[in-house]
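Engineer: structure for the following, please:
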Amino acid sequence: MAVLERILLIITLLALLFTSSIADNEDDNGDDTKVEVSKNQGVTYDGRSVIVHGGRELLFSGSIHYPRSTPDQWPDLLRKAKAGGLNVIQTYVFWNGHEPVQGQYNFQGEYDLVKFIKLVAENKMYVTLRVGPFIQAEWNHGGLPYWLREVPDITFRSDNEPFKHHMKKYVKMIIDKIKEEKLFASQGGPIILSQIENEYNTIQLAFKEKGDSYVQWAGNMAVSMDTGVPWIMCKQRDAPDPIINTCNGRHCGDTFTGPNKPNKPHLWTENWTAQYRVFGDPPSQRSAEDLAYSVTRFVSKNGTLTNYYMYHGGTNYGRTSAAFTTTRYYDEAPLDEYGLQRDPKWGHLKDAHKALNLCKKALFWGTPTVQKLGPDQEVRIWEQPGTSTCAAFLANNDTKMAQTIRFRDQEYGLPAHSISVLPDCKTVVFNTHMITAQHNSRNFVRSAIANKNFNWKMHREVIPGELGNVEHEPKELYDLTKDASDYAWYTTKIPLSRRDLPMKKDIYPVLRIASLGHGIHAVVNGEYIGSAHGSKVEKSFVFQKPAKFVEGVNHIALLAYLTGYADSGAYMEHRYAGPRSITILGLNTGTLDITPNGWGHQVGIDGEKKKIYTKEGSQTVEWTQTGGGPPLTWYKGYFDAPEGTNPITIRMTGMGKGMVWINGRSIGRYWMSYLSPLLQPTQSEYQIPRSYLQPTQNLITIFEEEQGDPKDVEILLVDRDTICSLVTEYHPPSVRLFESKGGNLRAKVNDFKPKVELTCPNQKQIVAVEFASFGDPFGACGSYSVGNCSSPASKEVAEKFCLGKPSCKIPLDTVHLSNQNDACPNMKKAFAVQVKCANK
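Structural biologist: Next up is the predicted model:
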């Protein structure tokens, strides 16, 4: 008994130490007070918030998925997340990464879940662990391993005994592993919430009563794991007690009807920072202003946890992306694909977090009231009667017009679709629309070292003749490949007589293939005749191309391909792909259906089987010099590691579709020929992790499905060394100028006048002022333009204050700007400055 008490005491002390380390490490994020409500040392909740070890906290969370970056990148990503004001990291757990073969587990490398969670703890943040096991996430098969499809009588995500058996076994394995490492908050670890299932309401009706009973089973199964932390279900209105149902979306402050019981807190598990892309999509954006507005509104309406999905999207390496999803994932997140801060999104959200933390005491101890001040204007007030504790959120929900409102005998201007935060019900420290954080622009710079001489060589993929594994009709593609390859060959032969063929030499029969997806290449009598593919919206397609059929025996070879498995929807185990009908049109004897002609099959392509993308495998085939090869061709070259430490990417100019390997490791699918409506590739650059490289002689291998020439392929270095600021004369003071002591707001400085503020990344210095205009400039960082008026001294002033410095501040009321030929004296002006940073 004494031993047990000692163990419990140690766990309690560890928990207190971990929690206090987070509470004491607010950095510059706001209120220094911990709002204690009990002496409980576990994780509980009530209708106001999650309660961690007896204290309430505003939880600002970000999704970072460990397999979408490399382990050497994790520390930097987590450090930047912490610096951005986050105190929680959310991640899915990837079943098909951890158990790709039934009973064989993988927790190594990028799948080292325990290492990732421990790194989060080292950075003094909490964790929300989304166990799933279905995760969607635009990840191959929604995270479900392929072998699960072959379990007899299985129906995914339903009250189905085979599925429930394997789901429970997997969940228990993960939970046991986490418990063994003492990573739950109840054990002194960082995990404060766990999630079971994922957005099940979207498909629940498809399973009728078996959907309803499955939700109850899944929730009860999770709770029975006895983790000591609450479980959540996102977008699940009927989540069983004590599970908390949460919101996903862009504006949960307005769309979420609330938890299904009054004793559960308002939690937002996915605040989408942009939109994931599929090949064929145009660019996707979501402004920093709209994100800040959504978070502030949610918190002002009782929300206490908001999670950015994604905070860092990363890269779908290898074949991990879902059907048609790009290799790059959520590049528009606060940390871009390469882990670089995307400003102003990163900085503006950091300011939002600090402003809301300044309100924390009022939010947790105050009583909320709402005052309507106009058709689309309101004030939400959190105030503790009889004290000075008060915070107000002035909202203008009019999406087009700015408004001036009067609150407590003072007037406040509000831009359209914005909220001002007043931590003391008097002082505006932040407006969601008025950005005081700096901006930046991404640069791709050609590496001087890596592009010296690839010495490209080529090898043509083997076109098979008659294959074995013959079936009456073509096999279904998912079942054939079993997720072992994107590719499968189908072959058949068909005899034709002279009477079958067209009499005119300029008329050819047409090969027609109706396919369920995703794409196909066709070869007739050794000649490549073309390709076709579906899309994310419509995976089925029809291929029709003329072909030179001859008198005698004709050989047809079809290379069907997948672009990943479906990641969502009901009955995923019944999704199908591949050719379903194959006919020859235009014969003298009529249309010939060759679907039941007898087809040979081969999973994968010859180069894959021989692993010619590795150093050893490349020596097993013959390579020749290239000037650009035909479709279905392999290319290889060598390059030295690029200079410096910046992230690396490869731009696939001149190529069509395929896959790239670096020293034997796939960096993902590329697809340059699938253009968006803007007539541009959806993705042109593909990240190469530095951890994949050696100092010299790095092997690059490309499998090009379509016709391409690698001569214009180039390796680039990525930076965000172009930084900018755009501040107006009517900007509110930066929230960074305020702090809270004992729950009371106070200013850290006396000067609140608007300033341009610029800070170079990584201790670099400002080496050039590329743009400066004090007047009415317009545009975005990297593409500013002078408006109708601009002070002629603008650039001179910027250079005086900034050149040669790692950071600088330029007051907008400086005499150098205001006294020289004011071209627009009767208007409030803005100062836009763009500078270049570099190592001296």
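Engineer: and stretch 636-643, end to end?
Structural biologist: Stretch 636-643 has an end-to-end distance of 22 Å (criterion: C-alpha to C-alpha, to the nearest Å).
Engineer: if you count neighbours, what's buried in that stretch?
Structural biologist: Buried residues in stretch 636-643, counting neighbours by 16 or more other C-beta atoms under 10 Å, are found at Lys636, Gly637, Phe639, Asp640, Ala641, Pro642. Every residue, glycine included, has its C-beta placed from N, CA and C.
Engineer: so for that stretch, mean pLDDT?
Structural biologist: For stretch 636-643, mean pLDDT rounds to 98.
Engineer: how far off centre is it?
Structural biologist: 28 Å (C-alpha atoms, centre = their mean, to the nearest Å).
Engineer: please apply the same query to stretch 342-349.
Structural biologist: Distance, centroid of stretch 342-349 to centroid of chain: 16 Å (C-alpha atoms, centre = their mean).
Engineer: pLDDT of that stretch, averaged?
Structural biologist: Here stretch 342-349 scores 98 as its mean pLDDT.
Engineer: list of residues touching it?
Structural biologist: Residues from elsewhere that reach stretch 342-349 (C-beta atoms under 8 Å, 6 or more residues apart in numbering): 80, 84-85, 273, 288-289, 291-292, 295, 308, 332-336, 341, 435, 437-440, 442, 720, 723, 781.
Engineer: elements contacting whichever strand or helix holds Ile584?
Structural biologist: Element membership for Ile584 (DSSP states H and E) is strand 579-585. Strand 579-585 is packed against strand 510-515, strand 552-561, strand 592-593, with contacts defined by 3 or more C-beta pairs under 8 Å, 6 or more residues apart in numbering; DSSP states H and E.
Engineer: minimum distance to Tyr478: which of these has it?
Structural biologist: Closest approach to Tyr478 among these (C-beta to C-beta): strand 552-561, 10.7 Å.
Engineer: circling back to that earlier point, so which of the helices and strands packed on strand 579-585 gets nearest Leu737?
Structural biologist: Per C-beta to C-beta, nearest to Leu737 of those: strand 552-561, 56.5 Å.
Engineer: just the buried residues of the closest one, please?
Structural biologist: Asn554, His555, Ile556, Ala557, Leu558, Leu559, Ala560, Tyr561.
Engineer: could those residues go into CSV alongside distance to Arg665?
Structural biologist: Converted to CSV, those look like this (distance: C-beta to C-beta, whole Å):
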residue, distance to Arg665
Asn554, 40
His555, 35
Ile556, 35
Ala557, 29
Leu558, 29
Leu559, 24
Ala560, 25
Tyr561, 21
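Engineer: which one of the buried residues of stretch 636-643 is nearest Pro695?
Structural biologist: Ala641 (5.4 Å).
Engineer: pull the contacting residues for the closest one.
Structural biologist: Contacts here follow C-beta under 8 Å, 6+ apart; on that basis Ala641 touches Ile449, Ala450, Arg690, Leu693, Gln694, Pro695, Thr696, Asn698.
Engineer: most surrounded residue in the residues you listed?
Structural biologist: Counting neighbours by other C-beta atoms under 10 Å, the top entry in the contacts of Ala641 is Ala450, with 22 neighbours.
Engineer: didn't that residue look like it was pressed against Asp640?
Structural biologist: Yes. Taking C-beta atoms under 8 Å as the definition, Ala450 is a contact partner of Asp640 at 6.1 Å.
Engineer: now the closest residue in space to Gln763 that isn't next to it in sequence: how far from Ile154?
Structural biologist: Counting by C-beta to C-beta, 6 or more residues apart in numbering, Pro806 is the residue found nearest to Gln763 once chain neighbours are left out, at 6.0 Å. For Pro806, the distance to Ile154 equals 59 Å [C-beta to C-beta, to the nearest Å].
Engineer: okay then, goodbye and thanks.
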